[in-house]
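**Q** need a structure here:
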Amino acid sequence: MSRMLEEVRQQPAALERTLSEERKNVEAFRRVMENRRPRLIVLVARGTSDNAALFGRYLLEITTGIPVSLAAPSITTVYGAEVDYRDALVVAISQSGESTDTNLVLERARARGALTLGITNESASSLARLAEHVFLVHAGREKSVAATKTYTGQMLSLYLLAHALGGGVAMSALERLPASVESVLRLEPEVAALSERYRFMHYAAVVGRGFNYANAFEFSLKLMETCYVVAERFSSADFLHGPIALIEPSFPVFAFAPPGPTWKSMDQTLAKLQDLKAEIVAITDPGNSEIAARATRLIRLPEEVEEVLTPIPYIVPGQLFAACLAAQKGFDPDQPRTIGKVTKTL
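**A** Okay, the predicted model is just below:
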């Protein structure tokens, strides 16, 4: 069994620890925010952490009303631009805390007037030293190159940030997430069996929208780095603006399809894919009774989840699928070719 699969299974405990250990820290940061509410939030990250940041953009703008930007690190590291960060909160997200460009952006932003927050799994990291405030992801050491438990831990930390900013994200709701993930993990045999069908898959598309748009990026990244599948990722709305021309009969499309505000748009996209005879694998929950008419195959979560809370439990089937598919293909998801755990770029 791969370490990646082991670490996927560790997520309920990791989420539980993060909630327990960071509660006081989050409440202290909430008091800081009451007196220094930012006019703008800038999130800076790379790789899987950047996918967590993409989720954070949706979450924070929707729940707090504060504009959120995703930083382009090269603006600072390559072009040396002097950006005015006064009244901004700059949040750097890094599993290791040693991402060179992420840390440099944070350092420069602090010097240019930003309040800074670091989200990392490593308390002794450079990021933890550079940031004025730190939210720790208590996932334990992640040994597989493919990040899983740190991704969901980073998303949880962004929920905690929304809570600290008065975004109406209740701690009582977040406390239900570990049990929700535990229930999803019981789908492992079903997901493993499904992965057998896709052993010879070389191309795929992944679609999502709203809170789960980031999961489309993260699932496709896992397929690319562990299974060497060319997996393109799209908003279900953007997909109709050109990329749908890729689709031919039996082309695999994976869709994050929760009930709620994004379902109407997703349904329209899936209907077009159905007309094109794509093979649609949908991740959903019992609250979406209409999905069966669209999907070729379903991965249905055991419990209904409020849409704002879907991203963490919804990514777990994708993580399981990637780990199982890598095994089907004879690849080691813990040591993908040509990449390492910590990547340093400028």
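
**Q** where do the strands sit along the chain?
**A** 40-44, 68-70, 88-94, 115-120, 133-136, 203-208, 230-235, 252-256, 279-284, 297-300 (DSSP state E).

**Q** shaky segments in the chain?
**A** 338-346 (pLDDT under 70).

**Q** one more time with 80
**A** The model of the chain has pLDDT under 80 over residues 337-346.

**Q** the domain parsing of it - what is it?
**A** In terms of domains, the chain is parsed into 3-175, 179-329 (source: automatic domain parsing).

**Q** roughly how far apart are the spatially most central residue of the chain and residue 152?
**A** For the chain, residue 52 is the residue whose C-alpha lies nearest the centre (Cα atoms, centre = their mean; 3.9 Å). Residue 52 is 9 Å from residue 152, where distance means Cβ to Cβ, to the nearest Å. Backbone N, C-alpha and C define where each C-beta goes, glycine included.

**Q** how about residue 235?
**A** The gap separating residue 235 from residue 152 is 22 Å, by Cβ to Cβ.

**Q** which one of the two has more residues nearby?
**A** residue 152 (29 against 19; other Cβ atoms under 10 Å).

**Q** the more buried one reaches residue 178, doesn't it?
**A** No. Applying Cβ atoms under 8 Å, one finds residue 152 not in contact with residue 178, separated by 10.0 Å.

**Q** any chance you could list residues touching both of these two?
**A** 11, 15 (Cβ atoms under 8 Å, 6 or more residues apart in numbering).

**Q** would you convert the domains of the chain into TSV that also reports distance to residue 336?
**A** As requested, those are exported to TSV (distance: least, Cβ to Cβ, whole Å):
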stretch	distance to residue 336
domain 3-175	6
domain 179-329	5
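
**Q** just list the residues touching residue 66, thanks.
**A** 37, 38, 39, 40, 41, 60, 165.

**Q** out of those residues, which are buried?
**A** Neighbour-count burial (16 or more other Cβ atoms under 10 Å) is assigned, among those, to 38, 41, 60, 165.

**Q** which one is the first one nearest to, not counting chain neighbours?
**A** Of all residues beyond its chain neighbours, the one nearest residue 38 is residue 89 (3.9 Å), with distances taken as Cβ to Cβ, 6 or more residues apart in numbering.

**Q** coming back round to it: ok now do the residue nearest to the centre of the chain, which residues does it touch?
**A** 45, 93, 151, 154, 155, 158, 214, 218.

**Q** in helices only, show me the residues you listed.
**A** Judged by DSSP state H, the contacts of residue 52 include 151, 154, 155, 158, 214, 218 as members of helices.

**Q** just among the contacts of residue 52, which is most surrounded?
**A** Counting neighbours by other Cβ under 10 Å, the top entry in the contacts of residue 52 is residue 93, with 32 neighbours.

**Q** hang on, that residue packs against residue 44?
**A** Yes. With contacts counted by Cβ under 8 Å, residue 93 reaches residue 44, the gap being 7.2 Å.

**Q** re earlier: and which of the contacts of residue 66 is nearest to residue 76?
**A** residue 40 (16.0 Å; Cβ to Cβ).

**Q** closest to residue 169 among the ones in helices among the contacts of residue 52?
**A** residue 158 (9.4 Å).

**Q** number of nearby residues for the residue lying closest to the closest one once chain neighbours are set aside?
**A** Nearest non-adjacent residue to residue 158, counting by Cβ to Cβ, 6+ apart: residue 56, 4.1 Å away. By the criterion of other Cβ under 10 Å, residue 56 has 26 neighbours.

**Q** what does residue 245 give?
**A** Residue 245, neighbours per other Cβ under 10 Å, totals 7.

**Q** please apply the same query to residue 30.
**A** Residue 30 - counted by other Cβ under 10 Å - has 15 other residues nearby.

**Q** contacts only, for it.
**A** With Cβ under 8 Å, 6+ apart, residue 30 has these contacts: 163, 164, 165, 166.

**Q** contacting residues around the closest residue to residue 13 other than its chain neighbours?
**A** Using Cβ to Cβ, 6+ apart and skipping the chain neighbours, the partner closest in space to residue 13 is residue 178 (7.5 Å). Going by Cβ under 8 Å, 6+ apart, residue 178 touches 11, 12, 13, 15, 16, 19.

**Q** tabulate the ones in helices among the contacts of residue 52 (JSON lines), appending distance to residue 182.
**A** Shown next, in JSON lines, are those (distance: Cβ to Cβ, whole Å):
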{"residue": "151", "distance to residue 182": "17"}
{"residue": "154", "distance to residue 182": "19"}
{"residue": "155", "distance to residue 182": "16"}
{"residue": "158", "distance to residue 182": "21"}
{"residue": "214", "distance to residue 182": "22"}
{"residue": "218", "distance to residue 182": "20"}
